[in-house]
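Chemist: What follows is a predicted structure for the sequence shown.
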2 protein chains.
Amino acid sequence: MSTTTFAAVSAVKQRSEHAFDVDLSSQWTIGGRPNGGYLLATIGRAAGAVGPHPDVLAASAHYLRSPEPGPAEVEVEPLRAGRGASQVRARLLKDGVPCVEALLTLGTLPAEGQARWAGGLPDPRPTDPDGGVRVPSQTPTGTAAAIFDEVGARLDPESVRTFTEGPRGVGELWGWLTLPGDEPFDPVSLLFAVDAFPPATFDIAASGWVPTLELTAYVRARPAPGPVRVLHRAQLIDDGRVDESCFVWDRTGRLVVQSTQLAGIRLD
Amino acid sequence: MSTTTFAAVSAVKQRSEHAFDVDLSSQWTIGGRPNGGYLLATIGRAAGAVGPHPDVLAASAHYLRSPEPGPAEVEVEPLRAGRGASQVRARLLKDGVPCVEALLTLGTLPAEGQARWAGGLPDPRPTDPDGGVRVPSQTPTGTAAAIFDEVGARLDPESVRTFTEGPRGVGELWGWLTLPGDEPFDPVSLLFAVDAFPPATFDIAASGWVPTLELTAYVRARPAPGPVRVLHRAQLIDDGRVDESCFVWDRTGRLVVQSTQLAGIRLD
């Protein structure tokens, strides 16, 4: 059961004009290291506090080192402040050593609206958010994944077979995600949502955790309250690297954030 | 007919340890402004010259301002140099003003190899590289696109209908791309390849050019000589922004680079 809230573990405290303190939770971890989307969300929260625009529209992060949990710092460097959008460079440091480097474009997401055209997206195939099976807090290879005691990541029955019967070879995982205490998602926590599920590569072949090298997320709309629908899709494994796309819809079926990541993978 | 080569227009000249001069071609432009993938390629070339690893594996660029053609500068700041990969921050400046900010992860792509798994990719649907119709050097709304006098961007007959008969509403453009003089593609020019085609949104609705806000490219393999097969796919238009995925295969059918971009779009 969860002992933390997303608002608490991702809180940033302004120390100076462009520097923020953050306390990385030991619970939001896989193998004892903070989840990459969680780290990006702390960066996004700091970035939104600095400039004229509150909402992250696009965030690109390169992962240099995996920090230990505990106190860390986020630095934000404004790059340009335009009328409709602004850009910042931001990075997360642990003991003064850069761990995640990011560039972000910020703007203001409207309170309401609807997509103009969504013809190129996968069908979100809505299922029962309370159905499926919760991802356990241990990976198939036995690594502790404490984060799944905090967030509710429920895999659809079809996707669960990856874990109960072994990889299906499809490279897709479908499910629903909730924050502790059903905290509503917002544009900051959506940066976490795109990296919350287990790697879709678990549906291709058994491997250890796949460390993220690069993650780019586009926040497309403010989410309606409630759980979000998640699709993780692996596309290509080549030369020890895999790319994964992620699509996240809110309860109304509106796509609210999407991402792509490149990660390292070791297969036998 | 082309008057330039990619090697020439993307050449960088080292001025100091971490700064490079580049001369942005007035020919590799749309509406008089250099193409965004071309700008990223000059950044990638400089980044590969600085650190221990020559090949860009992942590049994320945020576009702040569109520079005029002519002399410009690329600055590279090393962030981390690991055994298998290194990361840099790099940016392109015009008259000292930052225009493109980027983060890059570099490594060493093997000379040969093949994908381990490619089950999540679209089918490249190979066609005749000499078939189809060359993209004209003027957009549907009358903007000059001088770059299409330089590179050979040939759309498949099915995709050409977007231009001859109007948008089909599919949001996909398929075709083949060649560099001037059939210069072979390499990991640097692949950074250009993902942004070379007209926007896939032309297949959804008539609009002006769509300015790129963010572009992320993953170089997956060294390309075989010859033209490359290109798919541009728009996925979602919401709140005046569109995301587009791009997939590029070499003549052997191997995926060599892929990208995603977020761009601004104005529709009536």
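Modeler: Noted; the coordinates are in hand. Numbers count the residues shown, from 1 in each chain, chains lettered A, B, ... in the order given.
Chemist: ok, the nearest residue to A:Asp130 once chain neighbours are set aside - contacts?
Modeler: Leaving aside its chain neighbours, A:Asp130 sits nearest to A:Arg154 (7.6 Å; criterion: Cβ to Cβ, 6 or more residues apart in numbering or on different chains). For the C-beta atoms, the positions are set from N, CA and C on the backbone; glycine is no exception. Applying Cβ atoms under 8 Å, 6 or more residues apart in numbering or on different chains, we find A:Arg154 in contact with A:Pro129, A:Asp130, A:Gly131, A:Gly132, A:Val133, A:Arg134, A:Val135, A:Gly175, A:Trp176, A:Leu177, A:Thr178.
Chemist: Could I have the buried ones of those as ChimeraX selection syntax?
Modeler: The ChimeraX selection below is limited to those of these classed as buried (16 or more other Cβ atoms under 10 Å in any protein chain shown):
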select /A:129,132,133,134,135,175,176,177,178
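Chemist: In strands, which of the contacts of A:Arg154 appear?
Modeler: A:Val133, A:Arg134, A:Gly175, A:Trp176, A:Leu177, A:Thr178 (DSSP state E).
Chemist: beta partners for the fifth one?
Modeler: Going by DSSP bridges, A:Leu177 is paired in beta bridges with A:Ala153, A:Val228.
Chemist: can you tell me how far it sits from chain B?
Modeler: 19 Å (Cβ to the nearest Cβ, to the nearest Å).
Chemist: one step back: in TSV, list the ones in strands among the contacts of A:Arg154 along with pLDDT.
Modeler: Formatted as TSV, those follow (pLDDT from 0 to 100):
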residue	pLDDT
A:Val133	95
A:Arg134	95
A:Gly175	97
A:Trp176	98
A:Leu177	98
A:Thr178	97
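Chemist: Among those residues, which one lies nearest to chain B?
Modeler: For the ones in strands among the contacts of A:Arg154, the residue nearest chain B by Cβ to the nearest Cβ is A:Gly175; the value is 17.3 Å.
Chemist: The closest one contacts A:Arg134, correct?
Modeler: No. With contact defined as Cβ atoms under 8 Å, A:Gly175 does not count as touching A:Arg134 (9.2 Å).
Chemist: For those two, list the residues in contact with both.
Modeler: Residues touching both A:Gly175 and A:Arg134 (Cβ under 8 Å, 6+ apart) are A:Ala153, A:Arg154, A:Leu155.
Chemist: How many residues are close by the first one?
Modeler: As a burial measure, A:Ala153 scores 23 neighbours (other Cβ atoms under 10 Å in any protein chain shown).
Chemist: ok, now which ones touch it?
Modeler: A:Ala153 touches A:Arg134, A:Val135, A:Gly175, A:Trp176, A:Leu177, A:Ala196, A:Phe197, A:Pro198, A:Val230, counting by Cβ under 8 Å, 6+ apart.
Chemist: Can you verify A:Thr162 is assigned to a strand?
Modeler: No. Counting by DSSP: H, G, I helix; E, B strand; the rest coil, A:Thr162 falls outside a strand, being helix.
Chemist: Identify the residues contacting it.
Modeler: A:Leu155, A:Arg168, A:Leu173, A:Phe202, A:Asp203.
Chemist: Quick check: of those residues, which has the highest neighbour count?
Modeler: Of the contacts of A:Thr162, with other Cβ under 10 Å as the count, A:Leu173 tops at 28 neighbours.
Chemist: State the helix or strand in which that residue lies.
Modeler: Here A:Leu173 sits within strand A:172-178, counting by DSSP states H and E.
Chemist: Counting by contacts, list what the next helix or strand after that strand packs against.
Modeler: With elements assigned by DSSP H and E, the helix or strand that comes after strand A:172-178 is helix A:187-193. Applying 3 or more Cβ pairs under 8 Å, 6 or more residues apart in numbering or on different chains; DSSP states H and E, one finds that helix A:187-193 makes contact with helix A:36-50, strand A:55-63, strand A:212-219, strand A:228-238, strand A:255-264.
Chemist: outside of helix A:187-193, which residues touch it?
Modeler: A:6, A:10, A:35, A:37-38, A:40-41, A:44-45, A:48, A:55-56, A:59, A:109, A:177, A:179, A:183, A:185, A:217, A:219, A:222-223, A:228, A:230, A:248, A:256-257.
Chemist: would you turn the helices and strands packed on helix A:187-193 into JSON lines with distance to A:Arg89 and mean neighbour count?
Modeler: Shown next, in JSON lines, are the helices and strands packed on helix A:187-193 (distance: least, Cβ to Cβ, whole Å; neighbours: other Cβ atoms under 10 Å in any protein chain shown):
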{"stretch": "helix A:36-50", "distance to A:Arg89": "9", "mean neighbour count": "26"}
{"stretch": "strand A:55-63", "distance to A:Arg89": "10", "mean neighbour count": "27"}
{"stretch": "strand A:212-219", "distance to A:Arg89": "15", "mean neighbour count": "27"}
{"stretch": "strand A:228-238", "distance to A:Arg89": "28", "mean neighbour count": "24"}
{"stretch": "strand A:255-264", "distance to A:Arg89": "19", "mean neighbour count": "24"}
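Chemist: Kind regards, and thank you for your time.
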